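Peer 1: Please find the sequence and the predicted model below.
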Amino acid sequence: MKPYCALLGLLFLFLLAGPAHAQKLAAGPKTAVADSAALPAPKRQFRATRITEVIKIDGELDEAVWREAPVATNFIETRPTPGRPEKHATEVRLLYDDAALYIGAVMHDVSPDSIFRELTQRDDLGNTDYFAVFLDTYNDKLNGYGFFLTPGGVELDARYSPAGGEDFNWNAVWMSQTKLRGNDWIAEIRIPYSAIRFSDAAEQVWGINFARQRQSTRQQFFWNQVKPQVDGLVNQWGELRGLRDIKPPLRLSLTPYVSTYYNHFPYNEQGKRNSSTSFNGGADVKWGINESFTLDATLVPDFGQVQSDNQVLNLSPFEVQYNENRQFFTEGTELFNKGGLFYSRRVGGQPLGFYNVDGQLRGRTTEADGQIRQGEYVVSNPGVTRLLNATKISGRTKSGLGVGLFNALSNDVYATVQDSTSGEQREVLTQPFSNYNIFVLDQSLKNNSYVSLINTNVTRKGSTYDANVTGGLFRFANKANSYALKGQANYSRRRGTVFGSEEQINNRDGYKYTLEVGKISGNWNWSLNHGIESDTYDPNDLGILFSNNSINQEAFVSYNKYQPFWKLNRLNTFLGVYQNLLYKPTRYQSVGFYSGFNTTVTKNFFSLGGNLSGSLAEHDFFEPRRQPLGQYYVRIPANIGVNGYGSSDYRKKLAYDLSLAGRWFAADGARTGRDGYDVGLSPRYRVTNQLSFRYNFNWSLRRNEIGYAGGLRSGEPQDQPFIQNGVADVILGRRRRITTTNTVSASYTFTNRMSFTVRTRHYVSVARYRDFSRLNPGGEEEGVSYQRNRDNSFSAFNVDAVFSWWFAPGSQITVVWKNANASYLAGDETLPQYFTNFNNTLNTPHNNSVSVKVLYFLDYLALRPKRK
């Protein structure tokens with residue numbers, strides 16, 4: 001353990017000496033940033049100009065009203081040198097009428113070559129400059145909108161909230177145009193009132209800010225200064241005044257869609273077709289119930305074109321959490337994500353009884369006349385639940401009360417099984433008709449504070465159990481926004497029987513709470529938190545929780561240097577220590593620390609960082625898969641890990657990301673040599689401002705890892721000696737695991753409205769076992785002669801090719817080709833070598849799908865007859 005102690009000592013010396021060293025190397029006392037600078041900058045005020053004439057959105061700004069409007073200028077730099085005035089001026093004007101806001105901005109520069117303008121897809125910011133306008137329409141200093149525009153005309157839009165941070169999944173329909181003029185570039189934007197929400201007050205004050213990025217110098221500027229050492233973003237915006245007599249319009253739009261699919265899989269079986277086609281239709285509806293609240297509904301949704309999941313070999317006791325790629329569940333969900341109780345993949349996810357079908361098959365039987373009758377087999381077993389519809393109602397009142405209501409309905413799901421002899425088919429219910437519901441109240445308070453109440457509910461048809469979770473959370477900050485107290489308390493309730501059984505559901509009532517206090521602004525920040533999750537707390541019917549039954553304590557401290565010093569643009573450092581206990585029965589789990597730093601080199605903008613972490617010997621109560629918890633656990637020896645990473649300057653045509661990591665474990669009795677290594681490399685090459693390529697390589701090695709070897713079956717001869725009176729032993733295995741992932745992606749952007757992307761991913765993970773042991777109570781392992789081959793490998797191959805054309809505002813045509821293959825091999829079939837797995841992947845059948853989807857945006861305001 002002496003090397004670990006030495007490394008710990010070096011870490012603490014670094015954290016203690018680093019800030020002092022940074023201060024010594026700084027240019028002098030004038031550039032040093034004291035905690036007194038952590039106060040927000042004074043709020044600037046800007047006055048909007050009402051107009052009556054028509055503005056043409058063409059990027060020219062040649063109407064007379066533009067010359068007469070007040071100008072917002074004198075932007076202040078946020079990075080890399082906070083506080084400096086901009087050298088090349090930005091000039092912004094803002095007009096409004098009864099229908100929309102109009103923003104005109106002129107960005108002065110040195111030369112046309114200094115204006116970076118890579119073309120990308122919508123909501124994807126590449127190697128480019130940008131101009132942005134931010135609106136806090138209720139002036140609550142917590143929630144807002146962002147509209148970004150690049151010199152190439154690429155639009156990005158985002159929502160800002162305490163729960164979602166900066167969320168670019170939100171999409172609005174607005175108009176823009178850009179032009180290059182000499183050494184300047186011009187942005188002209190029209191934001192219709194139907195794209196945002198605001199009150200119906202006769203005179204209004206909104207929060208507002210403008211931002212500019214000069215990618216040639218990697219500088220970011222704001223009109224109202226944004227200090228990186230101040231907690232929060234929306235609370236650092238200025239004020240927009242002069243808005244009078246504007247009324248929220250009727251916000252009503254319909255986006256119908258039609259889609260068609262062609263699928264091919266080479267079954268090559270008599271009576272089964274290799275190809276199939278389908279045709280779908282539905283619609284998305286948006287209706288502004290009043291000035292504050294909007295209803296979003298998707299009717300008969302089609303999510304078949306979303307990006308394929310990154311499937312992995314999961315040897316852990318917990319499920320894999322996949323990203324949400326369905327737009328309806330990523331857009332405008334910031335209220336529903338409060339408290340972390342909503343995992344949207346539960347809606348339309350895997351049926352409850354997906355893995356129970358094999359247990360309901362009729363086996364092979366012998367008739368009275370001696371004839372053998374073969375059993376049943378599974379013809380189809382849908383892995384997802386088809387939604388009937390989903391609806392969101394959300395908004396915020398003028399008093400700052402946010403209200404959200406989410407509801408979704410899914411129909412019965414059936415697997416189809418067939419008799420091998422007669423060919424007769426029957427259906428097996430795997431998911432009953434279900435209703436998913438979320439209700440949220442979120443009250444914004446002064447000083448960047450809030451209180452919230454969230455309730456999630458899943459109700460299923462029949463006697464299958466229902467689930468309900470209620471949570472309350474709060475955050476209170478002081479007037480200076482330098483200290484904050486936040487907490488959360490949840491209660492989970494489940495009633496009914498296990499699906500497909502008469503057994504009453506367990507985990508009927510449970511609770512969770514967390515409490516945290518800390519300093520949140522300035523160079524030095526710290527926090528202390530404590531939390532408990534009871535052994536019966538279970539939010540997983542509509543949320544996700546990997547493990548409950550825990551008591552956690554943590555202390556955290558960070559030092560951030562925001563001003564450039566020495567050869568660095570900035571420096572961020574942090575250190576945390578933690579303790580984890582089992583809640584019931586109260587048992588020790590782990591004690592450890594984590595630390596790290598990251599910085600950017602001033603001269604070449606090379607970003608780098610590193611982390612150091614370690615823990616004392618741990619007790620893993622979840623790996624044995626044995627209930628109730630507390631008696632069996634897997635020992636994890638004391639360990640220490642280090643990793644480093646770096647990213648080159650993305651302004652260059654060729655750039656790269658690199659990461660290296662290693663973790664080493666102390667000897668555990670006679671077991672030595674346990675360690676793990678990770679390598680990541682991601683070069684990217686930008687051929688032109690329209691064409692780019694990227695390659696991602698990730699490799700990991702785990703040697704002498706101790707883990708659960710898998711469940712035992714009475715039908716397996718090698719398993720039978722380890723099953724006594726129907727109770728199976730816990731068998732652990734020492735294994736070597738290698739995982740390799742290769743991902744290649746390319747993008748060609750024809751225009752700011754039309755693009756083509758392709759992504760190919762190949763994943764292989766192989767686990768090979770060296771020896772086995774029986775786990776006894778108290779974490780003791782007993783070597784056994786277990787003969788069953790538990791080696792396994794998993795490979796997945798996916799191609800996602802997407803052509804997208806936004807042919808009109810809010811209207812899109814997408815053509816998607818998907819190619820997919822996945823194979824899990826176990827025992828003697830395991831393929832240990834990478835290229836053997838790769839060849840097997842190429843030579844086994846693949847599923848191919850080609851689809852075309854057309855969405856057309858219909859806005860009531862544009863369709864209604866014009867008044868004469």
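Peer 2: In hand now; what should we look at?
Peer 1: May I ask which helix or strand of the protein has the lowest mean pLDDT?
Peer 2: Lowest mean confidence among the helices and strands of the chain (mean pLDDT, DSSP states H and E): helix 2-25, at a mean of 39.
Peer 1: Which element is encountered next along the chain beyond that helix?
Peer 2: Note on helix 2-25: by DSSP states H and E, the next helix or strand toward the C-terminus is strand 45-47.
Peer 1: mind listing what's buried in that following strand?
Peer 2: Using 16 or more other C-beta atoms under 10 Å as the test for burial, strand 45-47 gives Phe46. No exception for glycine: its C-beta is placed from N, CA and C like everyone else's.
Peer 1: tell me which strands and helices that strand is in contact with?
Peer 2: The contact analysis (3 or more C-beta pairs under 8 Å, 6 or more residues apart in numbering; DSSP states H and E) places strand 45-47 against strand 238-244.
Peer 1: ok, residues contacting the strand it packs on?
Peer 2: 43-50, 94, 96, 135, 139, 202-209, 223-224 (C-beta atoms under 8 Å, 6 or more residues apart in numbering).
Peer 1: partner strands of it, parallel or antiparallel?
Peer 2: Using DSSP bridges, strand 238-244 pairs in its sheet with strand 45-47 (parallel), strand 203-214 (antiparallel).
Peer 1: Mind checking those strands for the one nearest to Gln443?
Peer 2: strand 203-214 (17.9 Å; C-beta to C-beta).
Peer 1: now for the helix or strand that that closest one is followed by, which elements pack on it?
Peer 2: Note on strand 203-214: by DSSP H and E, the next helix or strand toward the C-terminus is strand 219-222. For strand 219-222, the packing partners by 3+ C-beta pairs under 8 Å, 6+ apart come out as strand 76-79, strand 203-214.
Peer 1: So which residue is dead centre in the chain?
Peer 2: Taking C-alpha atoms, centre = their mean, the centroid of the chain lies closest to Asn323, which sits 5.8 Å from it.
Peer 1: wait, doesn't that one sit right on Asp309?
Peer 2: Yes. Counting by C-beta atoms under 8 Å, Asn323 sits close enough to Asp309 to count as a contact (7.5 Å).
Peer 1: Low-confidence ranges, this structure, go.
Peer 2: Residues of the chain meeting the criterion pLDDT under 70: 1-37, 271, 366-373, 865-868.
Peer 1: quick one on the thing from earlier: name the residues contacting each of Asn323 and Asp309.
Peer 2: By C-beta under 8 Å, 6+ apart, no residue touches both Asn323 and Asp309.
Peer 1: Identify the residue spatially nearest to Ile636, adjacent ones excluded.
Peer 2: Distances taken as C-beta to C-beta, 6 or more residues apart in numbering put Glu618 closest to Ile636, at 4.0 Å, once the chain neighbours are dropped.
Peer 1: what about the one you found, how many residues close to it?
Peer 2: Counted by other C-beta atoms under 10 Å, the residues lying close to Glu618 total 19.
Peer 1: And for Lys43?
Peer 2: Number of residues near Lys43 (other C-beta under 10 Å) recorded here: 16.
Peer 1: Now do the contacts for it.
Peer 2: 224, 237-239.
Peer 1: As a check, name the ranges of all helices in the protein.
Peer 2: 2-25, 64-68, 327-330, 834-843, 860-863 (DSSP state H).
Peer 1: Show me what counts as buried in the last one.
Peer 2: When you say that, I think you mean helix 860-863. Tyr860.
Peer 1: Go through the contacts of Lys43 and single out the one with the most neighbours.
Peer 2: Most surrounded of the contacts of Lys43: other C-beta under 10 Å gives Trp237, at 27 neighbours.
Peer 1: Surely that residue is in contact with Val205?
Peer 2: No. With contact taken as C-beta under 8 Å, Trp237 and Val205 are classed as non-touching, separated by 11.6 Å.
Peer 1: what's the closest of the contacts of Lys43 to Thr416?
Peer 2: Ranked by distance to Thr416 (C-beta to C-beta), the contacts of Lys43 are led by Trp237 at 56.9 Å.
Peer 1: which residues touch the closest one?
Peer 2: 43, 134, 136, 141, 144, 207-209, 224.
Peer 1: Check the gap between it and Glu203 for me.
Peer 2: Distance, Trp237 to Glu203, by C-beta to C-beta, to the nearest Å: 19 Å.
Peer 1: same thing with Val234?
Peer 2: Between Val234 and Glu203 the distance, using C-beta to C-beta, works out to 21 Å.
Peer 1: Please report how far Ala638 lies from Val417.
Peer 2: On the measure of C-beta to C-beta, Ala638 and Val417 end up 51 Å apart.
Peer 1: for Ser823, same thing?
Peer 2: 23 Å.
Peer 1: Equivalent analysis for Glu53, please.
Peer 2: Taking C-beta to C-beta, one finds Glu53 at 70 Å from Val417.
Peer 1: who's more crowded, the two?
Peer 2: Regarding Glu53 and Val417, a neighbour count based on other C-beta under 10 Å identifies Val417 as having more, with 22 against 9.
Peer 1: The residue nearest to that one when sequence neighbours are not counted: what's it in contact with?
Peer 2: With sequence-adjacent residues excluded and distances taken as C-beta to C-beta, 6+ apart, Val417 is closest to Glu376, at 4.7 Å. Going by C-beta under 8 Å, 6+ apart, Glu376 touches 361-362, 417-420.
Peer 1: Name the nearest of those relative to Thr73.
Peer 2: The shortest approach to Thr73 among these belongs to Val417, at 71.7 Å (C-beta to C-beta).
Peer 1: my guess is the closest one meets Gln425, correct?
Peer 2: Yes. The criterion here is C-beta under 8 Å, and Val417 meets it with Gln425 at 6.9 Å.
Peer 1: Return every residue with contacts to both of the two.
Peer 2: When contacts are counted by C-beta under 8 Å, 6+ apart, Val417 and Gln425 are jointly contacted by Val379.
Peer 1: beta partners of the nearest residue to Gly487 once chain neighbours are set aside?
Peer 2: Excluding the flanking residues, the one nearest Gly487 by C-beta to C-beta, 6+ apart is Leu515, at 4.4 Å. Note on Leu515: beta-bridge partners Gly487, His530, judged by DSSP bridges.
Peer 1: Dump stretch 534-554 to CSV, keeping only the CA atoms.
Peer 2: Taking Å, rounded to 0.1, in the frame of the first residue of the first chain, the C-alpha atoms of stretch 534-554 are listed here in CSV:
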residue,chain,number,x,y,z
SER,A,534,-34.0,2.5,1.7
ASP,A,535,-33.9,-1.2,0.8
THR,A,536,-37.5,-1.1,-0.6
TYR,A,537,-37.2,2.2,-2.6
ASP,A,538,-37.9,1.4,-6.2
PRO,A,539,-38.6,4.1,-8.9
ASN,A,540,-37.8,1.8,-11.8
ASP,A,541,-41.2,1.5,-13.4
LEU,A,542,-40.8,5.0,-14.9
GLY,A,543,-37.4,6.0,-13.6
ILE,A,544,-34.0,4.3,-13.4
LEU,A,545,-32.1,3.4,-10.3
PHE,A,546,-29.2,0.9,-10.5
SER,A,547,-29.1,0.0,-6.8
ASN,A,548,-31.0,1.1,-3.7
ASN,A,549,-30.3,0.1,-0.1
SER,A,550,-27.5,2.6,0.5
ILE,A,551,-26.2,5.4,2.8
ASN,A,552,-23.9,7.9,1.1
GLN,A,553,-21.7,10.7,2.4
GLU,A,554,-19.5,12.9,0.3
